[in-house]
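Enquirer: based on what follows, work out the 3D shape:
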Amino acid sequence: MPHTWDPDRYLTYADERGRPFVELLARVGAERPSTVVDLGCGPGSLTALLRDRWPDADIRGLDSSPEMIAKADAVDGGITFEVADLRTWANAADPVDVLVSNATLQWVPGHLDLLPRLVARVTPGGWLAFQVPGNFEEPSHTIRRELAAAAPYAEHVAGVAVPSSHDPAVYLAALARLGCDVDAWETTYLHVLTGPDPVFTWVSGTGARPTLQALPDDLRPRFEEEFRRRLRAAYPERDRRVVLPFRRIFVVARVSTGSTGSTAEAP
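Expert: Here you go, the predicted model:
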């Protein structure tokens, strides 16, 4: 079932969402890559950091959301942005030196099976780096699932996009089998949020958005009210602050030099 993204709502917690990208990028060892691609670039604000890191590279940002790309087009810095499906892009011919994907692969069903094609798009000696959420058993997700499975909502949200990911060891093993040198780890952030129903604001811009959009107008307010109530109970406010634990999975892989193609310079 199709859904759309709201760049402004997504950017409500831009600092918190951006921190994993910065920490992922810090582990990429490429020095002077010629081509860098950000798969699932969203509104482009983080893609701009790639220009800061590699000012001489040809940098491209791809996202399947026209709304996100429209926002990204306003980003300064000589970056090319375009609407594209990463599954289709993975079949293209020209390799790149650095391939980055931040909080995107969790939306691709069976994305583990996509890894060989992504590795094939990276030049020998180049880098594949991605980060995905790993918090899908936390109340921010389980509450949504429980509500969505109940009447009268279930019939309207059947088949909506639902994110999922794997543990770091799973990604490490999959990429090691492809001949990559792999660095995989996880971090649980404790985001301190403020404002009314901040956890609802967070999830309604990302993981819960497809579900909320799928509900008819006469049911959505009731769903949202109950969702907010349960989230407040699961994430109580203290001193006007709410703590949202958020586990994230990081993977940085150096592609084997045994393949054909040019090599990105790296230490």
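Enquirer: where does the chain have low pLDDT?
Expert: 1-3, 6-7, 11, 93, 259-267 (pLDDT under 70).
Enquirer: make it 50
Expert: Counting by pLDDT under 50, the chain has low-confidence residues at 259-267.
Enquirer: tell me the centre residue of it?
Expert: Nearest to the mean C-alpha position of the chain, counting by CA atoms, centre = their mean, stands Ala103 at 1.1 Å.
Enquirer: which residues sit in contact with it?
Expert: Counting by CB atoms under 8 Å, 6 or more residues apart in numbering, Ala103 makes contact with 17, 20, 40, 42, 131-133, 206. (Each C-beta comes from the backbone N, C-alpha and C, glycine too.)
Enquirer: one more time with 10 Å
Expert: Residues in contact with Ala103 (CB atoms under 10 Å, 6 or more residues apart in numbering) are 17, 20-21, 24, 40, 42, 46, 130-133, 163, 165, 206, 248.
Enquirer: Arg87 too?
Expert: For Arg87, the contact set (CB under 10 Å, 6+ apart) comprises 64, 108-111, 114, 117-118.
Enquirer: cool, and Arg17?
Expert: Taking CB under 10 Å, 6+ apart as the criterion, Arg17 is in contact with 10-11, 42, 45-46, 102-103, 191, 202, 205-206, 246.
Enquirer: can you lay out the residues you listed as TSV showing secondary structure and distance to Ser140?
Expert: Output for these, formatted as TSV (DSSP: H, G, I helix; E, B strand; the rest coil; distance: CB to CB, whole Å):
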residue	secondary structure	distance to Ser140
Tyr10	helix	15
Leu11	helix	18
Gly42	coil	19
Ser45	coil	23
Leu46	coil	22
Asn102	strand	19
Ala103	coil	14
His191	strand	11
Trp202	helix	7
Gly205	coil	12
Thr206	coil	10
Phe246	strand	8
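Enquirer: weed out the non-buried ones from these.
Expert: Restricting the contacts of Arg17 to buried positions leaves 10-11, 42, 45-46, 102-103, 191, 202, 205-206, 246, with burial counted as 16 or more other CB atoms under 10 Å.
Enquirer: identify, from the residues you listed, the entry nearest to Gly29.
Expert: Proximity of the buried ones among the contacts of Arg17 to Gly29 (CB to CB) peaks at Asn102, which lies at 17.6 Å.
Enquirer: what sits against that closest one?
Expert: 17-18, 20-22, 24-25, 38-42, 46-47, 129-132, 248, 250.
Enquirer: state the helix or strand in which the nearest residue to Ser204 once chain neighbours are set aside lies.
Expert: Sequence neighbours aside, Leu212 is the residue nearest to Ser204 in space, at 6.0 Å (criterion: CB to CB, 6 or more residues apart in numbering). Assigned by DSSP states H and E, Leu212 falls within helix 209-214.
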